[in-house]
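Asker: Model the structure of this input:
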Amino acid sequence: MIPSQASTLINGIVPGALGAVAASLRQRWGALSTLRTHHGQQRRQMSAGAPDDINSFVREAMEILEIQPDLQEVVLNADRKLSVQLRVPMDSGEVEIFMAHRVQHNNSRGPFKGGFKYHPEASRDDVESLANLNTWKTAVMDVPFGGAKGGVMVDPSALSARELEKLTRKLVQGMKEVLGPWTDIPAPDIGTDERVMAWVFDEFSKHKGFSPAVVTGKPLHLHGSHGRDTATGRGVLYAAREFLKASLYTNVRDTSFVIQGFGKVGGWAARFLHEAGGRIIAVADSRGATYNEKGLDIPRLTGHMARGGSLTEYEGGGPILTGPNFLTLPCDVLIPAALGGVINAKVAERLQCKAIIEAANAPTTMDGDRVLRERGIPVLPDIYANGGGVVVSFFEWVQNLQNFQWDDEEVSRKLDRHMTDAYHQINMLATDHKVPLRVAAFLLAVKRVADAERHRGFD
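Answerer: Model prediction:
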């Protein structure tokens, strides 16, 4: 193995081989460096929602649509699973190996699309589950992409900026043959941001030529798009507006919200809902939560957090418990916007909300969804509700291909139209088939993917 290259293994590696790899590398470079491996445990992560849960929703839609069995297997299984070992020189002089994964689930409707996350538990099972989800999300939103996801098993907060850049460039070097503007287009995710995407763009361009469309979520001055940072949160507002009007016969202004998560998604969703007149009575993050029955002053709270404050220290609200107890607060609409798998059957039985908008990926388990159906609590599913991000990623990709940039107003207007049109199609299917919105969303997505496979000749 060449020191400057990553060792690439298609369709998985033998975990036990990592020790041998490490020993071999130590022997080869001897006193030049000390090598450590970061391969973690290859297990299914609750934070992503189990693949079986997602596939159960897909199979339910397939049964209603009467999709033929052989086509079902084509659509359910990932096209490619790629694992890469990244050898990164650290500031200390040590050399560490990090495991990276990319799962390309389906590209029948267009290039693979999905983020790269940097997280200690970004296992391949976790990545595969989210790649699966992205296939249906892009189809529901009717953008010409397929589904993919990538992850590096690393704690980015433990790396210096220099180490993070080296890691990212090694990642691109190891995966450059499967990425590209017309093949697979990454984006930011947990632990990554526009700076990381800029490094991806730069490193890929060194090897393949100038290619701004290879990645989305770039800085605005480096071929990024207006509205990309706020896209998912803004999309939640548009989704909530249509959902409340059609399902609860009300509007944002007359609605109380509880939001779990106050980061890129939950924070912006709270801000936009507040600006639209919504009453945000509680928000939570990984460190704590705050509550005010009369409604939190979101701009003031955001400023408090920007100055290094915590939610529990915010004077405009009172600290409350996080976790399952937070989710059971009485409200009109609960918005899980952080971890997956938080609404299981036990939590679902205790919820005191009138409706749920899933801003996080896979926040509701299969058993939890069953309980919500039995209780008659309507759920606006994740594959639609948090689709604003992938829509504006599509906008950025289009702008890059045209070498042109739209203004913020145009991006917002186009996003509004996408979210509104998608909701009306989902709601119409729910009414026609007398099924919940989640099933209707999967009906829409599965039909689009299955039709694409049929027309392209899946056998």
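Asker: Low-confidence ranges, the stretch 1-150 of the chain, go.
Answerer: 1-52 (pLDDT under 70).
Asker: Show me where it has its strands.
Answerer: With strands called from DSSP state E, counting those that start in this stretch, the stretch 1-150 of the chain shows them at 7-10, 35-38, 80-89, 95-106, 112-113, 116-118, 147-152.
Asker: Quick check, Ser108 in contact with Pro144.
Answerer: No - assessed by C-beta atoms under 8 Å, Ser108 is found out of contact with Pro144, at 10.5 Å. All C-beta atoms are positioned from the backbone trio N, CA, C, and that covers glycine.
Asker: neighbour count winner among the two?
Answerer: Ser108 (20 against 14; other C-beta atoms under 10 Å).
Asker: Now that one: closest residue in space that isn't a chain neighbour?
Answerer: Ala452 (4.0 Å; C-beta to C-beta, 6 or more residues apart in numbering).
Asker: swap in Arg253?
Answerer: Using C-beta to C-beta, 6+ apart, the closest residue to Arg253 is Gly277 (3.4 Å).
Asker: check contacts around that neighbour.
Answerer: 251-253 (C-beta atoms under 8 Å, 6 or more residues apart in numbering).
Asker: quick one: which of these is nearest Leu237?
Answerer: Val252 (7.4 Å; C-beta to C-beta).
Asker: List only buried entries from the contacts of Gly277.
Answerer: Val252 (16 or more other C-beta atoms under 10 Å).
Asker: The strands of the stretch 1-150 of the chain: which one's closest to Gly317?
Answerer: Using C-beta to C-beta, these put strand 116-118 closest to Gly317, at 30.3 Å.
Asker: and the contacts of Gly277, which of them are in helices?
Answerer: With helices taken from DSSP state H, there is no overlap with the contacts of Gly277.
Asker: pLDDT and distance to His433 added to the contacts of Gly277, as JSON lines?
Answerer: Formatted as JSON lines, the contacts of Gly277 follow (pLDDT from 0 to 100; distance: C-beta to C-beta, whole Å):
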{"residue": "Asn251", "pLDDT": "97", "distance to His433": "27"}
{"residue": "Val252", "pLDDT": "97", "distance to His433": "28"}
{"residue": "Arg253", "pLDDT": "96", "distance to His433": "31"}
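Asker: Could you export the contacts of Gly277 as JSON lines, including distance to Val196?
Answerer: What follows is the contacts of Gly277, written out as JSON lines (distance: C-beta to C-beta, whole Å):
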{"residue": "Asn251", "distance to Val196": "38"}
{"residue": "Val252", "distance to Val196": "33"}
{"residue": "Arg253", "distance to Val196": "38"}
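Asker: Nearest to Arg228 among the contacts of Gly277?
Answerer: Nearest member of the contacts of Gly277 to Arg228, counting by C-beta to C-beta, is Val252, at 23.1 Å.
Asker: quick one: contacts for Cys353?
Answerer: 258, 330-334, 377.
Asker: And it, what's its pLDDT?
Answerer: With respect to pLDDT, Cys353 has a value of 98.
Asker: what bridges to it?
Answerer: Note on Cys353: beta-bridge partners by DSSP bridges are Cys331.
Asker: quick thing: my sequence starts at 53, can you match it?
Answerer: Fine by me, first position is 53 from now on; the one you just mentioned is Cys405.
Asker: follow-up on the earlier one: find the helix or strand that the residue nearest to Ser160 is a member of.
Answerer: helix 489-508 (DSSP states H and E).
Asker: Checking Ile478 next. Helix, strand or coil?
Answerer: The three-state assignment at Ile478 reads helix, by DSSP: H, G, I helix; E, B strand; the rest coil.
Asker: ok, now which ones touch it?
Answerer: Taking C-beta under 8 Å, 6+ apart, one finds 192, 436, 489, 492-493, 496 in contact with Ile478.
Asker: same thing but at 6 Å, please
Answerer: 489, 492-493, 496 (C-beta atoms under 6 Å, 6 or more residues apart in numbering).
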